[in-house]
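Colleague: Quick one, structure for this:
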Amino acid sequence: MGVYEELQRRGLIAQTTDEEQIRELVNSGKAVFYIGFDPTADSLHVGHFMALSLMKRLQMAGNKPIALLGGGTGMIGDPSGKTDMRKMLTKEDIEHNCECFKKQMSRFIDFSDGKALMVNNADWLLELNYVDLLREVGACFSVNRMLTAECYKQRMERGLSFLEFNYMIMQSYDFYSLFQRYGCNLQFGGDDQWSNMLGGTELIRRKLGKDSHAMTINLLLNSEGKKMGKTEKGAVWLDPEKTSPFDFFQYWRNVADSDVIKCLKMLTFVPIEEIEAMQAWEGSELNKAKEILAFELTKLVHGEEEAQKALEGARALFSSKADTDNMPSSELTAENLTDGRIGLIDLLVFVGLTLSKAEARRLIQQGGISVNDKKITDVKAEISAEDFGEGFIVIRKGKKVFHKVKYNG
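Modeller: Take a look at the predicted model:
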């Protein structure tokens, strides 16, 4: 089975410009392919994870990845999948975010000895002359055709700025530049990028008379059709300072039963035959599958040692043993207390277990909060300095979310 067939079997492939040509390229190790990453934050997140796994998988099959950092396109913002215009970033923000991306990508992709490239589209986009761009590139694009693209149609009702309207042209120019500079013959991206990717292949054909190819991968959606990788605290980040290895592990350990097999197929390197055998699993066996998913992904992102710590911590919590070493934690001081006490509602908001007092009040009333294994249903409940007998307390939200609160009086 070639790598292309494995991608199919794992449910990754959505659309292709020429399936047989792409199959031949990737199976023979002749693909020089790129995936773009706009540096809109100082860390990659779960939304990027599938692209990184795909790059790793294809590189293992002998193909050459190009990680394209959007130092230029990041100045504009991609309207795809957005109902509002992106926040404009400064050049300094973008440069900082690019540096953070480089460090994280190196955990997935081998950049040694020219096996992969990391380039920044600021190197060519920021040098473009506007009139030259209009003459050389603008003439290759039909406005009528561009407006039929899904990424633009979604924004037309709210208002599509001319700034964002140019994003397709810029992304197309990226492929054109990479084709000329590095022999890049294939672009991968999320299924929401299809129109932008076709723009690139068309520009190469019209300007150079050469063939290039594009393939989209299915977006990582849960069984309800929503993008995965979001929690009530926001995105699930790959940076351990933004999402701890334990929280990262717990996110995957807690996926819905209906999503676990799909996530194993699309994200992990567990042999596909083993995953397909899990499709018949039910009940407690599905919990084992979730544990495998969480461990494998945490190992990929944070290393085996952190994955093992998270696994042991999670097992202890699920078996009601008080292993708090690897539990997410916060610290209180005497300054956070009033007369030696703090309301439970205020505490839940302080440690980030809820986003608001209203949410905290509702959870308490519904019996969703326990302190040191004791369920609390009184919204006026308070925690005193004396309650931290061992130097900390453990708050449980629902069945699966645990948080250690240390007190430094």
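
Colleague: Could you list the domains of this structure?
Modeller: With automatic domain parsing as the criterion, the domains of the chain are listed as 3-217, 230-318, 329-408.

Colleague: For S223, find the nearest of the ones you listed.
Modeller: Evaluated over these, closeness to S223 peaks at domain 230-318, with 4.1 Å, by CB to CB. C-beta coordinates here come from the backbone N, C-alpha and C atoms, glycine included.

Colleague: Strands of the stretch 101-250 of the chain, start to end?
Modeller: For the stretch 101-250 of the chain, the strands defined by DSSP state E, counting those that start in this stretch cover 117-120, 186-190, 213-217, 230-231, 234-235.

Colleague: about what we covered before: JSON lines for the domains of the chain, including distance to S223 and mean pLDDT?
Modeller: Converted to JSON lines, the domains of the chain look like this (distance: least, CB to CB, whole Å; pLDDT from 0 to 100):
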{"stretch": "domain 3-217", "distance to S223": "14", "mean pLDDT": "86"}
{"stretch": "domain 230-318", "distance to S223": "4", "mean pLDDT": "89"}
{"stretch": "domain 329-408", "distance to S223": "18", "mean pLDDT": "87"}
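
Colleague: what about L133, distance to D191?
Modeller: According to CB to CB, to the nearest Å, L133 stands 28 Å off from D191.

Colleague: thinking again about what came up before, I'd like to know which of the domains of the chain is closest to E224.
Modeller: E224 sits nearest to domain 230-318 of all these, at 8.5 Å, using CB to CB.

Colleague: Distance from the chain centre to that closest one, please.
Modeller: What separates the centre of domain 230-318 from the centre of its chain is 14 Å, taken as CA atoms, centre = their mean, to the nearest Å.

Colleague: just checking, N63 touches V32?
Modeller: Yes: taking CB atoms under 8 Å as the contact criterion, N63 and V32 are neighbours in contact, 7.4 Å apart.

Colleague: Which one's more surrounded, the two?
Modeller: When N63 is set against V32 and neighbours are counted by other CB atoms under 10 Å, the residue ahead is N63, at 22 against 18.

Colleague: Excluding chain neighbours, what is closest to that one?
Modeller: Across the structure, with CB to CB, 6 or more residues apart in numbering as the measure, the residue nearest N63 apart from its sequence neighbours is A31 (4.2 Å).

Colleague: Return the residues in contact with the one you found.
Modeller: Residues touching A31, when contacts are defined by CB atoms under 8 Å, 6 or more residues apart in numbering, comprise I22, L25, L58, N63, K64, N185, L186.

Colleague: so what's the last one bridging to?
Modeller: What it means is L186. Legend: beta-bridge partners of L186 under DSSP bridges are F33, H213.

Colleague: residues near it, how many?
Modeller: Look at L186: counted by other CB under 10 Å, it has 27 neighbours.

Colleague: count of residues packed around the spatially closest residue to M215 that is not a sequence neighbour?
Modeller: Computed as CB to CB, 6+ apart, the closest residue to M215 that is not its neighbour in sequence is T16, at 4.7 Å. When neighbours are defined as other CB under 10 Å, T16 has 16 of them.

Colleague: Dihedrals phi and psi, T16?
Modeller: T16 adopts backbone torsions of phi -140, psi 150, taken as degrees, to the nearest 10.

Colleague: ok, now K404?
Modeller: Taking degrees, to the nearest 10 as the convention, K404 sits at phi -100, psi 130.

Colleague: quick one, helices of the stretch 51-200 of the chain?
Modeller: 91-105, 122-125, 130-136, 143-147, 150-156, 162-165, 167-182, 194-208 (DSSP state H, counting those that start in this stretch).

Colleague: Pull out the buried residues from stretch 211-225.
Modeller: Using 16 or more other CB atoms under 10 Å as the burial criterion, the residues of stretch 211-225 that qualify are S212, H213, A214, M215, T216, I217, N218, L219, L220, N222.

Colleague: From the contacts of A31, which land in strands?
Modeller: The members of the contacts of A31 that map onto strands under DSSP state E are K64, L186.

Colleague: quick one: which of the contacts of A31 is most hemmed in?
Modeller: The residue in those with the most neighbours, by other CB under 10 Å, is L186 (27 neighbours).

Colleague: I'd say that residue and I35 touch.
Modeller: No: with contact defined as CB under 8 Å, L186 does not count as touching I35 (10.0 Å).

Colleague: so what sits against both of these two?
Modeller: Counting by CB under 8 Å, 6+ apart, nothing touches both L186 and I35.

Colleague: From L25, how far out is the nearest residue to C140 once chain neighbours are set aside?
Modeller: Nearest non-adjacent residue to C140, counting by CB to CB, 6+ apart: R206, 4.8 Å away. As for R206, its distance to L25 is 22 Å (criterion: CB to CB).
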